[in-house]
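>>> Build me a model:
(one chain, ligands or ions: 1)
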Amino acid sequence: MDFTSINSVDTNWWVFTLPAIVETQNLFNSWLLISVFIAFLCVGLLTWAVSTGGLAWKNGRNQMGSVPILGPRGLPLFGCLFSLSCGLAHRTLASMASSFRAKQLMALSLGSTPVVVTSDPIIAREILTSPHFANRPIKHSAKSLMFSRAIGFAPNGSYWRLLRRIASSHLFAPKRIAAHESGRQMDCVAMLRAIAEEQSLNGVVYLRKHLQAAALNNITGTVFGKRYDMERLRDEAKELHEIVREGFEILGAFNWSDYLPWLKCFYDPFRINERCSVLVPRIRKLVKQIIREHQLKDEKELLDDSAFVDWVMAELILNPDVQVKVHQELDLIVGNKIDLTDVGVAKLKYLQAVIKETLRIHPPGPLLSWARLSTSDVHLSNGMVVPANTTAMVNMWAITHDPTVWEEPLAFKPERYLKSQGGADVDVRGVDLRLAPFGAGRRVCPGKNLGLVTVSLWVAKLLHRFEWVQDISNPVDLSEVLNLSCEMKNPLRAVAVPRNA
Ligand code: HEM
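Numbering: from 1, shown residues only. So this is what the prediction gives:
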C-alpha cells in the first residue's frame, strides 16, 4: 500500500476554489482569462521594474554577494537584445558600463540569458583564469555545424583536455610551428607576387583578398598538409573558400533564438537553420575527401588573422612616421636579404611593438570572440558573486581604450612597449590582462604563437618589399564591422610602391 499518497498534501486545491472566489461557474469565462493574463503581465512588469540587469536576473540573482552587480534593465522579455544585435557591441557595452558605473562587472539580460560583462583587467583575470568559467555557451549555429565536439566549444572535461593535448603537440608546439615555416614563406612569396601584379596592372591593391588567400593556405597547410592555388580558384579550392566564408558568416550572425529559444520556429532572419543544414553535408564531404587523401585526422579551427593584418597596414599608412621607423629597422637588421625568417622577424623589436599597438587599438575579438559560462557560483574579489549558468564576456576593447589603464589610449604609439624609450614590454599572450587579445587561463587561444609568428612574418615581408601609401581616391577608413572578428568595414585599398627595386 502506498502510504505516501494518503499522507501527501494536495497542492492543487486552489484551482477548485477559483470559481467560488471569482463568482463564476465557468473557468473559461473571457473576463476571467483576461484578468489572469493582466495579473501575469503586471507581476512580470513589476519583477522587471525592480530587477537591475533585467528579467534574467530576477529573484535577486545579482545580489548574491556583499556587493550587487548593477546593470541596465533593458526591455521586458528582450532585455538588451536590441542594443546589441546591431552595430558595434563592444562600443555599446563600454558606454553602458560607464553610465551604470559598472566597469568592474555589469549584469544584463539577452532575452532569457543572464550575462555579465567586465571592462576591468583585474576582474577579467579572475573570470578568465577561474576553473568555474572554463565552459563556453554554445550558439545554436555552432551546435548545428557540429562545433559542440570541437576544441573551441567542447565543455571542460576529459574530451576537451584530450583535444587541447593533441592540438598542442601536433599543431601549436614550437617545433611544429618552426616545421611549417617553409609553408608560411611559400604563402608569403605567392602573396607578394600577386600584390606586385595587381599593383602594376591597376596602380592600386585590395589587400584583403591576398591576405585571406594566404591565411587559408596557412591553415590548410598547417592542419591538412595541403595548399591551394587561390589565384585560380577551382573545384576543391573554390568549395573550401566558399565553405569558410559561409561558416564565418553563419557563426558571426546575431541569432535571436540563441537568447529567445521560443523564437526558433517563427523568426530566423538570417536563415541560420536552413543554411546550416546545407553547409554540414558540404563540410563533411570536403573533410572526408581531404582525410582520405592525406590520412590525416586533426581538429580544424580558423580565426581570421588576415583581417588583423588589414588593421596593421591601415595604421602604418595613417602613421607614415611609424612606417618610416619600421623601414629603418628592416634596413638595419635585414638589409637586402630576401630570406626573412621567423628568427629574423623576432629580432625586429619595433615591428613587434607596432603589432602589439595594433592589437591594443583594434583587438581582433573586442569581446574576446567566444564567451565563457559559469559552472557554479563564483565569488569575485570585489565581493560580487556570479551565479552558476551565467554567460561572461570580457570587453577587451573597453580595457584597451580605458584612459585609467592606458595613457592616451587613442594615440597609435608603439614606443609604449619599448623599454629603451621608457615603455614597458607587455606580454600579450594572456599574462597581462591590460592587453590580452588571445584571452587567458585554461581556454586561452592555443593558436596565439602561430598567429603572432604568421602576422609578424607577413607584415615584415609586406613592409620589406613595399612602401604603403594612401590611395587618394579611397582614403583609409577605420570604420569597424563586428562579425566573428572585428574587421575594417571598407577593406583596405592602398598603393604598394616597390622598395629596393
Ligand atoms: C590574431 C590571431 C588570433 C587571435 C586574436 C585569437 C584570439 C582568440 C581568443 C580571444 C580566444 C578565446 C580565448 C579565451 O576564451 O580566453 C581564442 C580561442 C581559440 N583560438 Fe584563437 N586567436 C587567433 C589565432 C588563432 C589561430 C591561428 C588558431 C588555430 C589555427 C586559433 C585557434 C583557437 C582555438 C581552437 C580556440 C578555442 C580554445 C578553447 O576553447 O579551448 N586561434 N582565440
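>>> going forward, measure contacts between C-alpha atoms and count neighbours the same way
Fine.
>>> so what's the backbone phi/psi at the residue in the stretch 151-300 of the chain that the ligand sits nearest to?
Closest residue of the stretch 151-300 of the chain to the ligand, Cα to the nearest ligand atom: Gly152 (3.5 Å). Backbone geometry at Gly152, expressed as degrees, to the nearest 10, gives phi -70, psi -20.
>>> Close to the ligand: what parts of the stretch 1-150 of the chain are there?
Neighbours of the ligand within the stretch 1-150 of the chain, by Cα under 6 Å from any ligand atom: Leu128.
>>> Need the contact partners of stretch 55-72.
47-48, 51-54, 73, 76-77, 79-80, 96-97, 100, 102, 105-114, 379, 382-387 (Cα atoms under 8 Å, 6 or more residues apart in numbering).
>>> How about stretch 131-138?
For stretch 131-138, the surrounding residues in contact (Cα under 8 Å, 6+ apart) are 127-128, 148, 153-156, 370-378, 391, 442-443.
>>> Just the pLDDT for Glu301.
Here the pLDDT value assigned to Glu301 is 39.
>>> likewise the one 4 residues further on?
Note on Asp305: pLDDT of 65.
>>> go on, Glu236?
pLDDT, Glu236: 73.
>>> where's it relative to Val287, distance?
11 Å (Cα to Cα, to the nearest Å).
>>> So these two - more neighbours on which side?
Each of Glu236 and Val287 has its neighbours counted (other Cα atoms under 10 Å); Val287 has more, 16 against 13.
>>> got a list of what that one touches?
No residues are in contact with Val287 under the rule Cα under 8 Å, 6+ apart.
>>> Could you pull out the buried residues of the helix or strand containing it?
If you go by DSSP states H and E, Val287 is part of helix 272-294. Across helix 272-294, burial judged by 16 or more other Cα atoms under 10 Å covers 272-273, 275-276, 279, 283, 287, 290.
>>> and if you look at stretch 236-255?
So stretch 236-255, judged by 16+ other Cα under 10 Å, has buried residues 237, 240-241, 243, 247-248, 250-255.
>>> List only those of the contacts of stretch 55-72 flagged as buried.
Buried members of those, counted by 16+ other Cα under 10 Å: 47-48, 51-54, 73, 76-77, 79-80, 96-97, 102, 105-114, 379, 384-387.
>>> Now do the strands in the stretch 401-501 of the chain.
Assigned strands in the stretch 401-501 of the chain, in chain order: 466-470, 480-482, 486-488, 493-498 (criterion: DSSP state E, counting those that start in this stretch).
>>> Quick one, grab the pLDDT at Arg227.
Looking at Arg227, the pLDDT reads 72.
>>> now Ala107, what's its secondary structure?
Classification of Ala107 using DSSP: H, G, I helix; E, B strand; the rest coil returns strand.
>>> Past the helix holding Val287, which element shows up next along the chain?
Counting by DSSP H and E, the element after helix 272-294 in chain order, helix or strand, is helix 305-318.
>>> tilt between that next one and strand 466-470?
70 degrees (axes from the mean of the first three to the mean of the last three Cα atoms, to 10 degrees).
>>> Can you tell me the closest non-neighbouring residue to Asp402?
Pro409 (6.6 Å; Cα to Cα, 6 or more residues apart in numbering).
>>> tell me, how many neighbours does that neighbour end up with?
16.
>>> separation between it and Val43?
45 Å.
>>> Tell me how many other residues crowd Ser200.
Residues near Ser200, counting by other Cα under 10 Å: 12.
>>> Next to the ligand, which bits of the stretch 351-500 of the chain? Give me the list.
Proximity of the stretch 351-500 of the chain to the ligand, by Cα under 6 Å from any ligand atom, involves residues 364-365, 368-370, 437-440, 443-448, 450-451.
>>> run the last query once more with 8 Å
For the stretch 351-500 of the chain, the residues in contact with the ligand (Cα under 8 Å from any ligand atom) are 359, 363-365, 367-372, 430, 436-452, 455.
>>> What about the residues you listed, which are in helices?
359, 448-452, 455 (DSSP state H).
>>> Dump these into JSON lines; add distance to Ser66 as well.
Below are these laid out as JSON lines (distance: Cα to Cα, whole Å):
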{"residue": "Leu359", "distance to Ser66": "36"}
{"residue": "Lys448", "distance to Ser66": "37"}
{"residue": "Asn449", "distance to Ser66": "40"}
{"residue": "Leu450", "distance to Ser66": "43"}
{"residue": "Gly451", "distance to Ser66": "41"}
{"residue": "Leu452", "distance to Ser66": "41"}
{"residue": "Val455", "distance to Ser66": "45"}
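>>> Next, give me the two most distant ones among those.
Distances among those were taken as Cα to Cα; the most separated pair is Leu359 and Leu450, at 15.2 Å.
>>> OK, contacts around Val280?
144-145.
>>> can we see that at 7 Å?
Leu145 (Cα atoms under 7 Å, 6 or more residues apart in numbering).
>>> Could you measure from it over to Leu145?
6 Å.
>>> Check the burial of Phe266 by counting its neighbours.
8.
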